[in-house]
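Asker: Pasting the sequence and the predicted coordinates here, then a few questions.
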Amino acid sequence: MGGRQPGDHATRGHRAQVGTSARLCYNAGVTRTHRTAALRAFAPAWLGGERAAREFLPAGFEEREARVAAVRRAAARRCDPALLAALAGQQRRLPSSAARDRHLGMLAGGGAATVVSGQQVGLFTGPAFTLYKAAGVVATAKRLSEESGVPCVPLFWLQTEDHDWPEIDHCIVRGPDGEPRRITVHGDDAPARASVAARTFDAGIEAALDSLDEALATKPHAADVAALLRRHYRCGESPASAFRGVLAELFADEGLLFLDPRTREVAALARPLLERSLAEAEPLAAVLVRRAATIEAAGLAVQVPVREGAPLCFFHPDGASGPRYRLEPRGDHWRLCDTDREVSRDEALRLIGEDPLRFSSSALLRPLVQDRLLPNAMYLAGPGEIAYFAELAPLYEALDVAMPLVAPRPSFCVTGAGDRRRLEALGLGFADVGGARDEVLARLSRPREGDAFDPDRVAAALTTDFHARLDEFAARAVALDENLGRPIDKARAAVEHAVARLADKYRHSVLYRDAVLVERLDRVRAALAPGGVPQERCYGFASLAAEHGIAELLAAIRGTLEPFDATTREVRL
């Protein structure tokens, strides 16, 4: 069943295709490729208050009373002592933080709730929205504590079970030429399908750091960013430990906790849910199939394709550090996807009892593992994750797991003084420059005296008289010989095609005749929406911090962030 970890850019394969910049950037859509044109993306409908979407996922995050009730319900549950020990052990590997120690003590003492978000462990912390998620969890936990009088602890879930290395082996920065530049770390010896937790950086991480230094050399705060990253991204470190180390240093004063589920201690605690996903594969799949059908019947897209009868976990046949495979039902056996290998159901259940790390959760099971282990009151989700939770409500009920409130993660666009000057000259706001370049230019273009045609109506202007005369001719010609109908239709289509191509070229010439306007737009788009992709989904933390300063960037984010606000807010630096 769903084979991917739910990250903020959970819509793999749906990459924006607007020039070189967009091809460099992270995936930017909000629905999977299986969505049909007739179905609406779930997250915008839900955030927009559409009744159809709210019936699948209540929006209690908007109401103070619902938030307080969720916190109190969560705080009534206590963490398993084994989880507390594992969590404390993982924090000891981080830079010291009195605030983290206090938060661990709150969880150990009981009567505290968690606020959680998570993300794939991308190179140099990945796209900037990762930083925004971390800042959002901290601010939201503080707000919920104030509202409820109950201690709320911020926690970041490291999505280390995922195996799609090409999705996290790079980051994007704005290079000296102002255009996006992709920095990639080249692989290690781990198998292609191994969980990211099984990987460690080799000497290639030094080459990636050198490439980053070169790309950011002209930025005023590049040295500070390089020093921070080099303290954590080192040969022999894992992607997860390096990622966690950077964020832990940035949020040490706020006490942000981190949990890596791909350890023996945590896997042992997750084993009961994984076992049920194997033993009850068919009925659990049926629950999800029915839910997906209901969502689509309401005109909304389903985020995760559901495979009938397939378990909600992956199998690592060669051990915890080996490749992982989705299991496909074959009678009393499961076939490992894309292979000829099989494992019997009885054998799988025996193996998970002996070594839970030989299994890992799928995208649809991971949130339930998280919420079974933690006293979680709220999850901060990106658009894809919001749609996941719409599918998951009946699964939470079937597996007896308390579902948290779901709230949108913070969203930002960072602007500098130069960006704002260019926006003012163009008469645009920061949110107006995304999307297709031609569409933005069309909004900026003004008719000039002497323009022969409106670019949007040129095709109609050129063909109206032709169609009228052809219709008149066709009536007489077909009356004379009915076999002339087809050649007439072909002639009509050929002319329409030729005129449409001419109209497109004319429209392009009109849009791009003002070189100064185009240059201004391209410069501001390269900073705020490269290739039409939102800045936070393309550029990484390293790029923004090198330009504006680490402390300055964090302070501006904290000062701008408003919990429970789904709009993209401008961070002015």
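Answerer: In hand now; what should we look at?

Asker: what ranges do the strands span in the stretch 251-400 of the chain?
Answerer: 257-259, 313-315, 325-330, 333-336, 342-344, 359-361, 376-381 (DSSP state E, counting those that start in this stretch).

Asker: Actually, the chain.
Answerer: Here the chain has its strands, by DSSP state E, at 113-119, 152-158, 170-174, 180-184, 257-259, 313-315, 325-330, 333-336, 342-344, 359-361, 376-381, 405-408, 411-415, 568-572.

Asker: so can I have CSV of the ones you listed showing mean pLDDT and mean neighbour count?
Answerer: Glycine gets a C-beta too; all of them are placed from N, C-alpha and C. Listed next are those as CSV, based on pLDDT from 0 to 100; neighbours: other Cβ atoms under 10 Å:
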stretch, mean pLDDT, mean neighbour count
strand 113-119, 97, 29
strand 152-158, 98, 25
strand 170-174, 97, 25
strand 180-184, 97, 19
strand 257-259, 98, 24
strand 313-315, 96, 26
strand 325-330, 94, 19
strand 333-336, 95, 19
strand 342-344, 96, 16
strand 359-361, 96, 26
strand 376-381, 98, 28
strand 405-408, 98, 24
strand 411-415, 98, 23
strand 568-572, 97, 18
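
Asker: could these be laid out in JSON lines, adding distance to Ala45?
Answerer: Below are the strands of the chain laid out as JSON lines (distance: least, Cβ to Cβ, whole Å):
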{"stretch": "strand 113-119", "distance to Ala45": "22"}
{"stretch": "strand 152-158", "distance to Ala45": "26"}
{"stretch": "strand 170-174", "distance to Ala45": "29"}
{"stretch": "strand 180-184", "distance to Ala45": "31"}
{"stretch": "strand 257-259", "distance to Ala45": "31"}
{"stretch": "strand 313-315", "distance to Ala45": "30"}
{"stretch": "strand 325-330", "distance to Ala45": "29"}
{"stretch": "strand 333-336", "distance to Ala45": "36"}
{"stretch": "strand 342-344", "distance to Ala45": "40"}
{"stretch": "strand 359-361", "distance to Ala45": "27"}
{"stretch": "strand 376-381", "distance to Ala45": "15"}
{"stretch": "strand 405-408", "distance to Ala45": "13"}
{"stretch": "strand 411-415", "distance to Ala45": "17"}
{"stretch": "strand 568-572", "distance to Ala45": "18"}
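
Asker: quick one, which of these is nearest to Gly531?
Answerer: strand 180-184 (7.4 Å; Cβ to Cβ).

Asker: Tell me the strands beside that closest one, with direction?
Answerer: Taking DSSP bridges as the criterion, strand 180-184 forms sheet pairs with strand 170-174 (antiparallel).

Asker: Residues contacting the strand it pairs with, please?
Answerer: Contacts with strand 170-174, where a contact means Cβ atoms under 8 Å, 6 or more residues apart in numbering, come from 24-26, 122-127, 180-185, 212, 215-216, 526-527, 530, 538-540, 542-543, 546-547.

Asker: Count the neighbours of the nearest residue to Gly435 once chain neighbours are set aside for me.
Answerer: Leaving out its chain neighbours, the residue that sits closest to Gly435 by Cβ to Cβ, 6 or more residues apart in numbering is Gly532, at 5.0 Å. Neighbours of Gly532 under the rule other Cβ atoms under 10 Å: 22.

Asker: Save the strands of the stretch 251-400 of the chain as CSV, and put in distance to Leu155 too.
Answerer: Shown next, in CSV, are the strands of the stretch 251-400 of the chain (distance: least, Cβ to Cβ, whole Å):
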stretch, distance to Leu155
strand 257-259, 4
strand 313-315, 23
strand 325-330, 28
strand 333-336, 33
strand 342-344, 34
strand 359-361, 17
strand 376-381, 8
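
Asker: Nearest to Glu147, out of the ones you listed?
Answerer: That would be strand 376-381 among the strands of the stretch 251-400 of the chain, by Cβ to Cβ, at 10.8 Å.

Asker: so of the contacts of strand 170-174, which ones are in helices?
Answerer: Among those, the members found in helices (DSSP state H) are Leu24, Leu212, Ala215, Ala526, Ala527, Cys538, Ala542, Ser543, Ala546, Glu547.

Asker: nearest to Pro356, of those?
Answerer: Nearest to Pro356 among those is Ala542, at 35.7 Å by Cβ to Cβ.

Asker: Let me see the contact set for that closest one.
Answerer: Phe124, Thr125, Cys171, Val173, Leu212, Leu216, Val225, Leu229.

Asker: which ones are touching Glu55?
Answerer: Ala298 are the contacts of Glu55 under Cβ under 8 Å, 6+ apart.

Asker: Report pLDDT for it.
Answerer: Confidence at Glu55, expressed as pLDDT, is 96.

Asker: Likewise for Ala442?
Answerer: 79.

Asker: Can you give me the neighbour number for it?
Answerer: 14.

Asker: any low-confidence regions in the stretch 101-250 of the chain?
Answerer: Low-confidence segments of the stretch 101-250 of the chain (pLDDT under 70): none present.

Asker: Any regions of the stretch 301-450 of the chain where pLDDT drops low?
Answerer: Using pLDDT under 70, the stretch 301-450 of the chain drops low at 446-450.

Asker: Please determine how far the residue of the chain most remote from its centre is located from Phe473.
Answerer: Residue distances from the centre of the chain (Cα atoms, centre = their mean) peak at Leu480, which lies 62.7 Å from the mean C-alpha position. Separation of Leu480 from Phe473 (Cβ to Cβ, to the nearest Å): 11 Å.
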